[in-house]
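# Quick one, structure for this:
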Amino acid sequence: MLIKTYGSAINGIEATTITIEVNISGGTKYYIVGLPDNAVKESLRRIESALSTSGFRMPRQKIVVNLAPANIRKEGSSYDLAIAIAILASSKQIEAPLLQEFLILGELSLDGGIQPVKGALAIAMQAAHDGFKGMILPLANAREAAVVSGLQVYGIRHLKEVVDFVSNRQSLDRTQVDTHADFFRRGDSYEVDFADVQGQENIKRALEIAAAGGHNVLLIGPPGSGKTMLAKRLPTILPPLSLDESLETTKIHSVAGKLGVAESLMTVRPFRAPHHTISDVALVGGGHQPQPGEISLAHNGVLFLDELPEFKRTVLEVMRQPLESRNITISRARFSVNYPASFILVAAMNPCPCGFYNHPQKECLCNPGTVQKYLSKISGPLLDRIDLHVEVTPVDFTQLVAKDTVERSASIRTRVVASRELQAKRFDSIPGIYCNAQMSSRLVRETCLLHSTGQALLKTAMERLNLSARAYDRILKVARTIADMDRSTDIKTEHLAEAIQFRSLDRRDWAE
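Predicted coordinates:
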């Protein structure tokens, strides 16, 4: 008897509905066809044990399981439950009139328990799009899937619960999430705040500019000067996630299996800080079973690379294209997947191997030429994609113990949001451009017009400070953001002057 159930396959961060066809006829062998991987092929052993311990039997006949469409590779253990239910229905051990209305997924334990799976949100969104009435999935994934409106979601713990439900013998408690209420209730739950940072007002100003314009930042300073502490607080001053951004970010973390059991939506911007020993595949994504990398997990948030020169050269170079296109395409012989990767890069580094070059009190112990050699570990093309180069100096004792009131992140974020609203209005008719950092060279020429005094200042700065030609566009983008923060239509001389000072590493005499 032929029975059909429905599961799903993940490609990148998108899901495809899979039809699971089970036919039982005369014979003795089991077959799974439709490009299954080893985890799918092994499912029959798990299913046999789960059925036995749950009071059912595995038919001793020829069982053919087809996963359609057959040209899509099926990976993972999420098909276990759908195959098991189809086998029970095909062998007439149960009557299952509701199978056509629900998409079923879950991994089976040998005792019939249901284990969680990856990508539940992406699968739920596709199920709603394909017109399914609901989903039956592990209880641990239920809140995640219930975010999708118009879809009945039932979380289950054991195979018996599913059998009773599809047989109309027992009802299940529907998992429901008020998406908007859940989103707005937890939309500002950061554990850190800029109020924790004493002093460093110039660095806070630079990070505010970075947040307002979406600019990448490089923090250069000695050990203990506060680079990591400041970087961790950048997400707290970024504009709050919109609901669409929250869904997109949650989907990526769901596919990667990084979403907590109790979480339904990610409501704060992600902050990812991989160790400098990370591989290029772990950073950009891919692998035998494609997974999002750190740059995609940082989508709509911040990617923090501490000790930047210690990262392998190949790891840093693979970021060049995603920093421009804001997505990453992983191409292999048998597949190609696309992951979004729109993030703000914050990098931190010591100015030299010993860490004390340009330190106000301590002497640098590095040999002549060592500083330049250390900085040369960062390639020019990568440095070219970082708008702000900020020198961080240590905070002295009087600032550390000062009782002055320090501005909180919420106050800074208000100014950042106002600046982003100006930019959104400016680029409203240009798809894919949302902030100043994303402007092309053509848009820079059209948007960042200078008066004669500004042009003279920029010319003088480039000549006297030995600024490179590649700094020109970056300075104009940052100056445009500073002007937006001042609610100024024109880029004034003071805006340009402030932008120029944030190009430390473009000064050819910086490390001489």
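# so where's this structure shaky on pLDDT?
182-188, 261-262, 397, 399-401, 469-470, 506-512 (pLDDT under 70).
# Find the centremost residue of it, please.
Closest to where the C-alpha atoms of the chain average out (Cα atoms, centre = their mean) is residue 297, at 2.4 Å.
# Just the buried residues of the helix or strand hosting residue 315, please?
Using DSSP states H and E, residue 315 maps to helix 313-317. For helix 313-317, a neighbour-count test (16 or more other Cβ atoms under 10 Å) marks 315-316 as buried. For the C-beta atoms, the positions are set from N, CA and C on the backbone; glycine is no exception.
# outside of that helix, which residues touch it?
278-280, 283, 308, 377-379, 381-382 (Cβ atoms under 8 Å, 6 or more residues apart in numbering).
# Please look at residue 15 and residue 130 and confirm they touch.
No: using Cβ atoms under 8 Å, residue 15 makes no contact with residue 130, being 9.4 Å away.
# tell me which residues of stretch 450-466 are tucked away?
Result for stretch 450-466 [16+ other Cβ under 10 Å]: buried residues 450, 454, 457-458, 461-462, 465.
# go on, stretch 109-119?
Buried, per 16+ other Cβ under 10 Å, within stretch 109-119: 109, 112-119.
# Identify all contacting residues around the longest helix anywhere in the chain.
For the chain, the helix that runs over the most residues, judged by DSSP state H, is helix 409-426. Contacts to helix 409-426, defined as Cβ under 8 Å, 6+ apart, come from residues 188, 190, 193-195, 204, 208, 211-213, 233, 236-240, 434-436, 447, 481, 484-485, 487.
# Show me which positions of it end up buried.
Neighbour counts over helix 409-426 (16+ other Cβ under 10 Å) mark 409, 412-413, 416, 419-420, 422-423, 426 as buried.
# Turn the residues you listed into CSV, including distance to residue 75.
Shown next, in CSV, are the buried residues of helix 409-426 (distance: Cβ to Cβ, whole Å):
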residue, distance to residue 75
409, 41
412, 44
413, 41
416, 41
419, 44
420, 39
422, 45
423, 41
426, 44
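# Centre of the chain to the helix holding residue 315, how far?
The chain centroid and the centroid of helix 313-317 are separated by 19 Å under Cα atoms, centre = their mean, to the nearest Å.
# With stretch 150-170 instead?
Mean-position distance between stretch 150-170 and its chain equals 32 Å (Cα atoms, centre = their mean).
# In PDB, please show the C-alpha coordinates belonging to that stretch.
Only the C-alpha atoms of stretch 150-170 are listed here, as PDB (Å, rounded to 0.1, in the frame of the first residue of the first chain):
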ATOM      1  CA  GLY A 150      -1.400  30.800  10.200                       C
ATOM      2  CA  LEU A 151       0.400  27.500  10.900                       C
ATOM      3  CA  GLN A 152      -0.800  25.100  13.600                       C
ATOM      4  CA  VAL A 153       2.300  23.800  15.400                       C
ATOM      5  CA  TYR A 154       2.300  20.800  17.600                       C
ATOM      6  CA  GLY A 155       5.300  19.800  19.700                       C
ATOM      7  CA  ILE A 156       5.700  16.200  20.600                       C
ATOM      8  CA  ARG A 157       7.900  14.100  22.900                       C
ATOM      9  CA  HIS A 158       7.200  10.500  21.700                       C
ATOM     10  CA  LEU A 159       6.200   8.500  18.700                       C
ATOM     11  CA  LYS A 160       3.000   7.300  20.400                       C
ATOM     12  CA  GLU A 161       1.800  10.900  20.700                       C
ATOM     13  CA  VAL A 162       2.100  11.400  16.900                       C
ATOM     14  CA  VAL A 163       0.300   8.100  16.200                       C
ATOM     15  CA  ASP A 164      -2.600   9.000  18.400                       C
ATOM     16  CA  PHE A 165      -2.900  12.400  16.900                       C
ATOM     17  CA  VAL A 166      -2.800  11.400  13.200                       C
ATOM     18  CA  SER A 167      -5.200   8.600  14.000                       C
ATOM     19  CA  ASN A 168      -7.700  11.100  15.600                       C
ATOM     20  CA  ARG A 169      -7.600   9.200  18.900                       C
ATOM     21  CA  GLN A 170      -6.100  12.100  20.900                       C
END
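# Report the buried residues of that stretch.
For stretch 150-170, the buried set under the neighbour-count rule, 16+ other Cβ under 10 Å, comprises 151-156, 158-159, 161-167.
# quick check: domain ranges of the chain?
2-177, 194-407, 439-512 (automatic domain parsing).
# Adding distance to residue 430, write these out as JSON lines.
As requested, those are arranged in JSON lines below (distance: least, Cβ to Cβ, whole Å):
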{"stretch": "domain 2-177", "distance to residue 430": "25"}
{"stretch": "domain 194-407", "distance to residue 430": "14"}
{"stretch": "domain 439-512", "distance to residue 430": "7"}
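# coming back round to it: what is the nearest of the buried residues of stretch 150-170 to residue 341?
residue 151 (28.3 Å; Cβ to Cβ).
# Please list the residues outside stretch 468-482 that contact it.
By Cβ under 8 Å, 6+ apart, stretch 468-482 touches 209, 212-213, 215, 380, 384, 387-388, 419, 436-437, 439, 441, 444, 447-448, 450, 458, 462, 467, 491, 495-496, 498-500, 502-503, 506, 508.
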